[in-house]
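Asker: The following comprises the amino acid sequence and a computationally predicted model.
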Amino acid sequence: MQSVAKVVAEMKTPTDLTRPSRTEQQDGSQRQAERLTDAQRIVGLGPKEVPCTFANFDQTCQSKACNRAMQVKAYQAALKYLGEARSLVFFGDLGVGKTHLVAAIVNELLKESPYLTGIWGAEDMDGPLCFLKFDDALATLKSTYRDGYEGMGEQWHIGRWRKVRHLVLDEVGQKGRHEEKGPSEFTRRVGYDIIDGRYRLGKPIIITTNKTASELASWITQAAVDRLFDGGEFVEMRGDSYRRRK
């Protein structure tokens, strides 16, 4: 007969029982990675934005010292949003990393989002995150007026974009397939409705644009720009296009 001491020694401790095996850890990591990939797709990140992180943002790529200083300031402003969410507008030249930084913000926020944690709070009921190209937003809303359309209407989409916890509007003011000749009254109304709605709800918005504040007003109205200035920050980014150096 085995002694009690030997039986106890051969028993697994509570720590052994709860500690996952290497295989279980690998499976868990794989599931987490799959959930992250699904979440990136759900919130609107495309193939170009998915890899964007703070770690791979090059703060020193610009040749001029003044432009490098802008890169550093923009990087710090993006990091600050994670701890103190308030409206941010990254504006400046094409290809200097504006979209990279806002995608990095989204990717970082996703790590603690309900999509990965499974914990949904009251603020998340309308969606924790949304990354949206402004031209795609216009396309979505215009599609609701097509004959035979049976989906959600314009006000449903605008209402969701107003209420989601974190909203990124990328490339506001860039002529696209729906605004080839410049901003229309429809574009200005949509821009104002989204920004004003979030402003009244006390929710931040992140915008990228190649327009200055005065130029941006022609796309989203001066009233919307004023709301962005109230508690928000405009961060300038200038320099050579990163895309041309690849």
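Answerer: Now that the structure is in, tell me what you want to look at.

Asker: how about the strands of the chain, start to end?
Answerer: Secondary structure of the chain (DSSP state E): strands at 88-92, 129-133, 166-170, 205-209, 233-237.

Asker: Just name the most buried of those.
Answerer: Ranked by mean neighbour count under mean count of other CB atoms under 10 Å, the strands of the chain are led by strand 205-209, which reaches a mean of 25. C-beta here means a position set from N, CA and C on the backbone, and glycine is covered the same way.

Asker: tell me what it is packed against?
Answerer: Identification of packing neighbours for strand 205-209 by 3 or more CB pairs under 8 Å, 6 or more residues apart in numbering; DSSP states H and E yields strand 88-92, helix 98-110, strand 166-170, helix 185-201.

Asker: Quick one: distance of that strand to the chain centre.
Answerer: On the basis of CA atoms, centre = their mean, to the nearest Å, strand 205-209 is displaced by 9 Å from the centre of the chain it belongs to.

Asker: So what touches it?
Answerer: 81, 87-91, 98-99, 102, 105, 166-174, 194-195, 198, 216, 219, 228, 232 (CB atoms under 8 Å, 6 or more residues apart in numbering).

Asker: any weak-confidence spans in this protein?
Answerer: Within the chain, the stretches with pLDDT under 70 are 1-28, 176-180, 244-246.

Asker: Quick check, central residue of it?
Answerer: In the chain, the centroid-proximal residue (CA atoms, centre = their mean) is residue 106; its distance is 3.6 Å.

Asker: one step back: can I get the strands of the chain in a markdown table including distance to residue 116?
Answerer: A markdown table is the format used below for the strands of the chain (distance: least, CB to CB, whole Å):
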| stretch | distance to residue 116 |
| --- | --- |
| strand 88-92 | 23 |
| strand 129-133 | 11 |
| strand 166-170 | 15 |
| strand 205-209 | 20 |
| strand 233-237 | 28 |
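
Asker: what's the closest of the ones you listed to residue 150?
Answerer: Closest approach to residue 150 among the strands of the chain (CB to CB): strand 129-133, 22.2 Å.

Asker: which helices and strands sit right next to the closest one?
Answerer: Here strand 129-133 touches helix 22-43, helix 98-110, helix 154-163, strand 166-170, going by 3+ CB pairs under 8 Å, 6+ apart.

Asker: swap the cut-off to 10 Å and go again
Answerer: Packed against strand 129-133 by the contact rule (3 or more CB pairs under 10 Å, 6 or more residues apart in numbering; DSSP states H and E) you find helix 22-43, helix 98-110, helix 134-143, helix 154-163, strand 166-170.

Asker: Among the strands of the chain, which comes closest to residue 151?
Answerer: Taking the strands of the chain one by one with CB to CB, strand 129-133 is closest: 16.6 Å.

Asker: what's the angle from the closest one to helix 98-110?
Answerer: Angle, strand 129-133 to helix 98-110, by axes from the mean of the first three to the mean of the last three CA atoms, to 10 degrees: 160 degrees.

Asker: Between strand 205-209 and strand 129-133, find me the angle.
Answerer: Using the same axes, to 10 degrees: strand 129-133 against strand 205-209 is 20 degrees.

Asker: about what we covered before: minimum distance to residue 57: which of the helices and strands packed on strand 129-133 has it?
Answerer: helix 98-110 (5.6 Å).

Asker: roughly how far apart are the nearest residue to residue 221 once chain neighbours are set aside and residue 124?
Answerer: With CB to CB, 6 or more residues apart in numbering as the criterion, residue 221 has its nearest non-adjacent residue at 4.5 Å, and that residue is residue 192. Using CB to CB, to the nearest Å, one gets 26 Å for the distance from residue 192 to residue 124.

Asker: swap in residue 64?
Answerer: Residue 64 sits 42 Å away from residue 124, going by CB to CB.

Asker: what are the C-alpha coordinates of stretch 145-158, in PDB please?
Answerer: C-alpha atoms of stretch 145-158 as PDB (Å, rounded to 0.1, in the frame of the first residue of the first chain):
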ATOM      1  CA  TYR A 145     -31.100  56.500 -52.100                       C
ATOM      2  CA  ARG A 146     -30.900  53.900 -54.900                       C
ATOM      3  CA  ASP A 147     -34.000  52.400 -56.300                       C
ATOM      4  CA  GLY A 148     -34.700  49.000 -54.700                       C
ATOM      5  CA  TYR A 149     -32.400  49.600 -51.700                       C
ATOM      6  CA  GLU A 150     -33.600  47.700 -48.700                       C
ATOM      7  CA  GLY A 151     -30.900  48.200 -46.100                       C
ATOM      8  CA  MET A 152     -30.500  50.600 -43.300                       C
ATOM      9  CA  GLY A 153     -31.200  54.300 -44.200                       C
ATOM     10  CA  GLU A 154     -28.900  57.300 -44.100                       C
ATOM     11  CA  GLN A 155     -29.900  58.400 -40.600                       C
ATOM     12  CA  TRP A 156     -29.200  54.900 -39.200                       C
ATOM     13  CA  HIS A 157     -25.600  55.000 -40.500                       C
ATOM     14  CA  ILE A 158     -25.000  58.600 -39.300                       C
END
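
Asker: If anything else comes up later, I'll come back, but that's it for now.
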